[in-house]
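Participant: Pasting the sequence and the predicted coordinates here, then a few questions.
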Amino acid sequence: MAIQASLSTDCDELIIAIDGRFDFSSHQDFRSSYESLKVRPARYRVDLEGTTYLDSSALGMLLLLRDHAGGSSARIEIVNCNPEVRKILNISNFEQLFEIT
């Protein structure tokens, strides 16, 4: 599991890419990827292209990101989901909370 975060040059968007399993073992690295920033981006993009597994703790981590980013006014996009990960997000009704593409 590897989590990489990159901030756009204008500091307007944070991209968090997750490779491998997104589960409880990712908790500290995932939170650090956005909590350690000195600026608060206007948008967040969670790139799950390399994510092979997603569990309930990962869903909770996404909800924590949403709270951190402003709750219902947060602009968070989840992108590049494989069919299995997309199915879990759909079953959890996350399309009501996040933009999933």
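Facilitator: Structure received. Numbers count the residues shown, from 1 in each chain.

Participant: pull the longest helix from this protein.
Facilitator: helix 56-68 (DSSP state H).

Participant: Other residues contacting it?
Facilitator: The contact list for helix 56-68, computed with CB atoms under 8 Å, 6 or more residues apart in numbering, reads 22-24, 26-27, 30-31, 34-35, 44, 46, 74, 76, 78, 88-89, 92, 94, 97-98. C-betas here are computed from N, CA, C, even on glycine.

Participant: tell me the secondary structure for Thr9?
Facilitator: Following DSSP: H, G, I helix; E, B strand; the rest coil, we place Thr9 in the coil state.

Participant: Can you check which strand is longest in this structure?
Facilitator: strand 13-22 (DSSP state E).

Participant: Of all the residues in that strand, which ones are buried?
Facilitator: Neighbour counts over strand 13-22 (16 or more other CB atoms under 10 Å) mark 13-18, 22 as buried.

Participant: immediately after the longest helix of the chain, which helix or strand?
Facilitator: Sequence-wise, the next helix or strand downstream of helix 56-68 (DSSP states H and E) is strand 76-79.

Participant: helices or strands next to that following strand in the packing?
Facilitator: strand 43-47, helix 56-68, strand 99-100 (3 or more CB pairs under 8 Å, 6 or more residues apart in numbering; DSSP states H and E).
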